[in-house]
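*Asks:* Build me a model:
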Amino acid sequence: MRHNLVINSCLEVLGGYQPECDSPKIQLAQFWQTCEQPSKEEQILIEEVFLGCIRFSKIITVAVDAFFKSEGGKKRTRCKQLVYKVLCYLFLFRMDELGIGEFRRLVLTQEPKKMHQFLQFLTDENTIATIMKPEWCLFYEENFVESKLIKPLQRFLPEFGCFLKELHDKIEEITPPKPSKKMITEVTPFNLTVIKPRGVIMPAPIPKVAPTKPIPSSMYNPPAEIDRIQEAKRENRIKVQEMLATAQVQQPQCANAKKSVKAKSILQQIIEEKESKLKYEKRKASVVKAKLSEEVPVKLNTATILREGELFLKQEEENLKKLEDLESGARDPTDWLRWRSKMHEQDLENELLEKERRRLQGMLSHEEAILARKMLAIENKQRVAEMKLEAEKLMQLYWEEKLQEQTNMRTRVEEIAFSQQHVKESRQKLALYKQKIVQEVIEEKREMMKQALEEADEEMRCKVKLIREIRAMEAMPVSRNKLVDLSETSATGLLSEMSLIELRERLALLRMVEKDREEKKREEIKDYKLEKKKLLQETLETIARCRAGNTQQLAANKQEEKKSKKADCKDKNDDLKLLAQMLKEKQAQRKNMEELKLPHKSQLAAVRRSKETIEEQLT
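*Replies:* The predicted model follows:
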């Protein structure tokens, strides 16, 4: 990981971000376009730091502002603030993931003096408890502050002590003492007795054997039958491919799904027999009684009575207004109404004609789409045949390349086998290096454990002192008896405070007032109900009178509505006839296209033979 690049890119993203104008995602996308492309791990860390600084900006600003105040109000540059914010976020929220080693490398990219001051301020327990904790509790709950911020800080404090000491030494240019190198043990060979050489045994004389017959030349030559079988296989394979191509183009008779007349009649008989078996214990439909057709008297609700009464009153007012207008010399609107009805009928006819035209246009476009789809299918089949030829040629090239790769692989295997002989020496060197690292880690762990034990002892002593003080406070006697006087006030200093006796008297007066209000309300409700009954009786009388007068008018309106029916508008316009004629032509063209067949293409035999020969060579 490039630690300097990570810190600089975090500062650039935060410096260019404006929360009022841009969103975080847009800012990140713009930054990745302009900046140097980091690795995947670095990119994830930069995104998390940027989004974390925005999310926990309140916590980070509290810590950074407190640091500047402790330094005596130094000049705050934006660059310094951003550096402290990034390191504060990593220290508070990312220490478990990064670890002390990665965090140390990120800090060392900046000035050691400023980093030493900032980290010394953050790791001070007094500043955490007195300055930062109460400020953080204003924004977040106390449980969150304790579990997510303060406990992880306290866990990493002993490790940060060594790191702060290292920074201090670096500022004062103190070089740490180098560890003394241990002497490496030299291996001495064992003092073993030398084995005496054995005497050479004389070999036994080889017996003479009769000369053998020479092996015939036909033994190593392959039989002629194998060549004949392979030629027969190739011929059969070519025939099968030709038959497959013809089967794909021409549909076989067994694929015809149409059924004969005889089969259809037999199926119809079977269905009729099954239906005749199911017809048992039929229930006859009950006859509708004549009473249902008669009008049933409906009990009206108060709301419906009032609504209907208002409607009839409005109708009466409108009729009176019309009569008054006629008396004053206004014109009769019957002619205008007739003209409006005629125009409405003409509009309906035009709408029906337009609908028919649109329907025919839609059918025509549908037929054109079918024709285009079939033409495209024919073109696609031709393209597929060409693609297959190209694929076979590419496969031939692939097999040839594979032969070359196998030869190259054999040479490489021989080279690797030769190089493996020198691996033992490198393994011994690596083992010695690992032993040194393990010893250094063990020594560091021991020092850390000592520091942790000392801090634990100090904490236990403080806790024991606190427990003793609390027990001494609890042992003190406290008087808990209280005398209650009902006539006295609580003496809180409020204007509305009163004793219990006064409160009871006031409650009794309030109950009397509530009873008087309830009696008045009951009388008002009774008067309202009587008025409502009178109003309902009057509205019922007006409804009965208006219904009797309007029956004749309703009957006349119904007869006029029955006479005015929608006229059929098919084949009235020349445009519709032309569209229908064009549709028939397109349908005939589509039927002709269905009868056409694609030509047969068998051009792949030679390429496949070459492929087989290459496969035999590989085997």
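*Asks:* Now do the SS call for residue 495.
*Replies:* Judged by DSSP: H, G, I helix; E, B strand; the rest coil, the three-state class of residue 495 is coil.
*Asks:* neighbours around it, how many?
*Replies:* When neighbours are defined as other C-beta atoms under 10 Å, residue 495 has 4 of them. Just so you know, the C-beta spots here come from the backbone N, C-alpha and C atoms, and that holds for glycine as well.
*Asks:* Relative to residue 510, how far out is it?
*Replies:* Residue 495 sits 19 Å away from residue 510 when distances are taken as C-beta to C-beta, to the nearest Å.
*Asks:* same check, this time on residue 351
*Replies:* Distance, residue 351 to residue 510, using C-beta to C-beta: 73 Å.
*Asks:* The two: which is more packed in?
*Replies:* More crowded of residue 351 and residue 510, by other C-beta under 10 Å: residue 351, with 12 against 9.
*Asks:* Can you get me a residue count around residue 78?
*Replies:* The burial count for residue 78: 10, using other C-beta under 10 Å.
*Asks:* if I pick it, what's in contact with it?
*Replies:* Neighbour list for residue 78: residue 15 [criterion: C-beta atoms under 8 Å, 6 or more residues apart in numbering].
*Asks:* swap in residue 546?
*Replies:* Residue 546 makes contacts with 312, 315, 316, as judged by C-beta under 8 Å, 6+ apart.
*Asks:* And the pLDDT at it?
*Replies:* Residue 546 is assigned a pLDDT of 79 by the prediction.
*Asks:* now it: how far from residue 540?
*Replies:* Relative to residue 540, residue 546 is positioned 11 Å away (C-beta to C-beta).
*Asks:* try residue 193
*Replies:* Per C-beta to C-beta, residue 193 is found 140 Å from residue 540.
*Asks:* Look at these two and report which has more neighbours.
*Replies:* Using other C-beta under 10 Å as the criterion, residue 193 and residue 540 rank with residue 540 on top: 14 against 5.
*Asks:* Name the next helix or strand downstream of the helix or strand containing residue 324, please.
*Replies:* Under the criterion of DSSP states H and E, residue 324 resides in helix 302-327. The element immediately downstream of helix 302-327 (helix or strand, assigned by DSSP H and E) is helix 334-419.
*Asks:* Would you mind pulling up the elements that that next one packs against?
*Replies:* If you count contacts as 3 or more C-beta pairs under 8 Å, 6 or more residues apart in numbering; DSSP states H and E, helix 334-419 packs onto helix 574-595, helix 605-618.
*Asks:* tilt between the longest one and helix 334-419?
*Replies:* Relative orientation of helix 574-595 and helix 334-419, computed by axes from the mean of the first three to the mean of the last three C-alpha atoms, to 10 degrees: 30 degrees.
*Asks:* Poorly predicted segments of the stretch 101-250 of the chain, please.
*Replies:* Across the stretch 101-250 of the chain, the stretches falling below the confidence threshold (pLDDT under 70) are 173-182, 199-200, 250.
*Asks:* where do the helices sit along it?
*Replies:* Secondary structure of the stretch 101-250 of the chain (DSSP state H, counting those that start in this stretch): helices at 112-122, 125-127, 133-139, 142-144, 151-171, 224-249.
*Asks:* could I get those helices as TSV with mean neighbour count and distance to residue 461?
*Replies:* Putting the helices of the stretch 101-250 of the chain into TSV (neighbours: other C-beta atoms under 10 Å; distance: least, C-beta to C-beta, whole Å) gives the following:
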stretch	mean neighbour count	distance to residue 461
helix 112-122	17	25
helix 125-127	12	16
helix 133-139	14	23
helix 142-144	10	26
helix 151-171	15	17
helix 224-249	11	93
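*Asks:* how about these in CSV, adding distance to residue 341?
*Replies:* Shown next, in CSV, are the helices of the stretch 101-250 of the chain (distance: least, C-beta to C-beta, whole Å):
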stretch, distance to residue 341
helix 112-122, 89
helix 125-127, 92
helix 133-139, 74
helix 142-144, 77
helix 151-171, 86
helix 224-249, 66
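*Asks:* Would you mind saying which of these lies nearest residue 427?
*Replies:* For the helices of the stretch 101-250 of the chain, the distance to residue 427 is smallest for helix 151-171, at 34.0 Å, taking C-beta to C-beta.
*Asks:* helices or strands up against that closest one?
*Replies:* Using 3+ C-beta pairs under 8 Å, 6+ apart, helix 151-171 is in contact with helix 78-93, helix 95-107, helix 112-122, helix 423-475.
*Asks:* how far off helix 423-475 does that helix point, in degrees?
*Replies:* On the basis of the same axes, to 10 degrees, helix 151-171 is oriented at 120 degrees to helix 423-475.
*Asks:* Which residues does helix 151-171 contact?
*Replies:* With contacts defined as C-beta under 8 Å, 6+ apart, helix 151-171 is touched by 91-92, 95-96, 100, 104, 107, 112-113, 115-116, 119-120, 122-123, 125, 128, 175-176, 448, 451-452, 455.
*Asks:* and if you look at stretch 57-65?
*Replies:* Against stretch 57-65 from outside (C-beta under 8 Å, 6+ apart): 53, 81, 84-85, 88-89, 92, 122, 132, 135-136, 139-140, 149.
*Asks:* which parts of that stretch are buried?
*Replies:* Within stretch 57-65, the residues scored as buried using 16 or more other C-beta atoms under 10 Å are 59, 60, 62, 63, 64.
*Asks:* Distance check, the second one against residue 217.
*Replies:* Using C-beta to C-beta, one obtains 93 Å as the distance from residue 60 to residue 217.
*Asks:* circling back: export the buried residues of stretch 57-65 as CSV, with columns for pLDDT.
*Replies:* Shown next, in CSV, are these (pLDDT from 0 to 100):
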residue, pLDDT
59, 80
60, 79
62, 82
63, 80
64, 81
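*Asks:* Among those residues, which lie within helices?
*Replies:* Among the buried residues of stretch 57-65, the members found in helices (DSSP state H) are 59, 60, 62, 63, 64.
*Asks:* Redo those as CSV? Include distance to residue 13.
*Replies:* As requested, those are arranged in CSV below (distance: C-beta to C-beta, whole Å):
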residue, distance to residue 13
59, 19
60, 15
62, 22
63, 20
64, 18
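*Asks:* between those, which is nearest residue 264?
*Replies:* The closest of those, once distances to residue 264 are taken by C-beta to C-beta, is residue 59, at 83.1 Å.
*Asks:* re the thing from before, what about the helices of the stretch 101-250 of the chain, which gets the closest to residue 359?
*Replies:* Nearest to residue 359 among those is helix 224-249 (38.3 Å), distances taken as C-beta to C-beta.
*Asks:* got the buried residues for stretch 98-105?
*Replies:* Neighbour counts over stretch 98-105 (16+ other C-beta under 10 Å) mark 102, 103, 104 as buried.
*Asks:* same deal with stretch 30-41?
*Replies:* Within stretch 30-41, the residues that count as buried by 16+ other C-beta under 10 Å are 31, 38.
*Asks:* and it, average pLDDT?
*Replies:* 72.
*Asks:* Any idea how far apart the tips of it sit?
*Replies:* Start and end residues of stretch 30-41 are separated by 19 Å (C-alpha to C-alpha, to the nearest Å).
*Asks:* Go ahead and name everything in contact with it.
*Replies:* Under the criterion C-beta under 8 Å, 6+ apart, residues 1, 2, 5, 6, 9, 12, 13, 16, 43, 46 lie in contact with stretch 30-41.
*Asks:* which of the ones in helices among the buried residues of stretch 57-65 lies closest to residue 489?
*Replies:* Nearest to residue 489 among these is residue 62, at 45.2 Å by C-beta to C-beta.
*Asks:* Distance of the closest one relative to residue 146?
*Replies:* Taking C-beta to C-beta, one finds residue 62 at 16 Å from residue 146.
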